[in-house]
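Asks: Mind looking at a prediction? Sequence and model below.
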Amino acid sequence: MSESEAVRRTETIPQWKREEVDELVEFIDSYASVGVVGVAGIPSRQLQNMRRDLHGSADVRMSRNTLLRRALDEVDQGYEGLSEYVSGQVALIGTNDNPFGLFQQLEASKTPAPINAGEVAPNDIVIPEGDTGIDPGPFVGELQQVGAEARIMDGSIKVTADSTVLEAGEEVSDELANVLSELGIEPKEVGLDLRAVYSEGVLFEPDELAIDVDEYRADVESAAAAARNLSVNASYPTARTAGTLLATAAGQAKSVGLYAAIEDPDVMPDLVAKADGQVRALAARIDDDEALPEELRGVEAPAEPTGADDEDEESSDDQEDEAADPDADADADDEDDDDGDAGEGLGAMFG
């Protein structure tokens, strides 16, 4: 803060300013997230439309910059950090949404707009290749003058290649502004430009809020799947992994029961089926039917693999596989469960 500003801050301000500051303080206190947005270059009608579109999710409050800074300083609690972003034509924006959702909403609300002579290009300005739809005439010379590759072809003026006629940061000339206007090219975006937002003790700048939602979602899902796999591999039961761990343990216990021929009610059907298969396999190897009981004469060896045994063995193997490498099960479940959790969390985050 400059010395002159400090002097002005110590002066007694008029009543109307005091009331304005009080209203700004009340505005700041009434929202979970408060930011500073640039409003330069936004036509009044378009600004009103933007404020109307934000109604219900965010509110914009404009005032003099000196009063905005005074209000931010009076609220304190970290909001004073926003004061350094108050310069030029700005306003406060308040929302109970999270700052990431606010940034996404403001970016989505921006619309293309023509650029005027004397303005600084926010991005490279490119005149695309194609037919301009303009009849042959002096306009082809104007295109060439601003740097576009243009010529008359087939009774029309055509741009023969994508032409970068101005780079970002350079000033738009009168000639280029006229050409862009004639072609209907609107190279800039108009909207509330979020400079910073303060939320729950953290000050965010735009580059911290401009995240790739799909990539972020994939990272969360991957982390959730990895955490679940770790829980299963370490046999650390949680509400999400207890089912898998119990199924693994049950499969392993059943395998032990079958191998040791333990006469447990849950194992008996499989033991009987296994014994029946073994008897039939043995009977099939005996060529003399007279030596066999009547019920075993003419039987064929059970098909390989046998149903009951292999079913148990496969079940057992599956459980063992889950214990050794639960990724498949975890991933399959995570596709439903974790996707849902992550989707709900991100939905709440990004609106």
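Replies: Sure, I can see it.

Asks: any idea how far residue 126 is from residue 194?
Replies: When distance is defined by Cβ to Cβ, to the nearest Å, residue 194 is 26 Å away from residue 126. Heads up, the C-betas are built off the backbone N, CA and C, glycines and all.

Asks: More neighbours: these two, which one.
Replies: Between residue 194 and residue 126, residue 194 has the larger neighbour count (other Cβ atoms under 10 Å), namely 23 against 14.

Asks: How many residues are close by the residue nearest to residue 152 when sequence neighbours are not counted?
Replies: Here the nearest residue to residue 152 in space, its sequence neighbours aside, is residue 136; by Cβ to Cβ, 6 or more residues apart in numbering that works out to 4.5 Å. Residue 136 has 12 neighbouring residues, counting by other Cβ under 10 Å.

Asks: Does residue 12 lie in a helix or a strand, and which?
Replies: Using DSSP states H and E, residue 12 falls within no helix or strand.

Asks: From residue 96, how far off is it?
Replies: 35 Å.

Asks: quick one: which of those two has more around it?
Replies: Neighbour count, other Cβ under 10 Å: between residue 12 and residue 96, residue 96 has more, with 12 against 7.

Asks: thought that one was touching residue 33?
Replies: Yes. Using Cβ atoms under 8 Å, residue 96 is in contact with residue 33, at 7.2 Å.

Asks: Strands of the stretch 101-250 of the chain, start to end?
Replies: Here the stretch 101-250 of the chain has its strands, by DSSP state E, counting those that start in this stretch, at 111-113, 125-127, 130-131, 150-153, 156-159, 163-166, 188-190, 193-199, 202-204.

Asks: would a markdown table of the ones you listed with mean pLDDT and distance to residue 231 be doable?
Replies: As requested, those are arranged in a markdown table below (pLDDT from 0 to 100; distance: least, Cβ to Cβ, whole Å):
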| stretch | mean pLDDT | distance to residue 231 |
| --- | --- | --- |
| strand 111-113 | 84 | 48 |
| strand 125-127 | 94 | 52 |
| strand 130-131 | 92 | 57 |
| strand 150-153 | 91 | 65 |
| strand 156-159 | 92 | 60 |
| strand 163-166 | 94 | 54 |
| strand 188-190 | 85 | 46 |
| strand 193-199 | 94 | 32 |
| strand 202-204 | 95 | 30 |
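
Asks: and residue 93, what does it touch?
Replies: Shown in contact with residue 93 (Cβ atoms under 8 Å, 6 or more residues apart in numbering): 34-37, 54, 58-61, 102, 106, 192, 194, 197.

Asks: Nearest to residue 268 among those residues?
Replies: For the contacts of residue 93, the residue nearest residue 268 by Cβ to Cβ is residue 102; the value is 64.2 Å.

Asks: if I read this right, the closest one contacts residue 32, doesn't it?
Replies: No. Using Cβ under 8 Å, residue 102 is not in contact with residue 32; the gap is 10.2 Å.

Asks: and the two? which has more neighbours close in?
Replies: Using other Cβ under 10 Å as the criterion, residue 102 and residue 32 rank with residue 102 on top: 29 against 13.

Asks: That's all I had, so thanks and see you.
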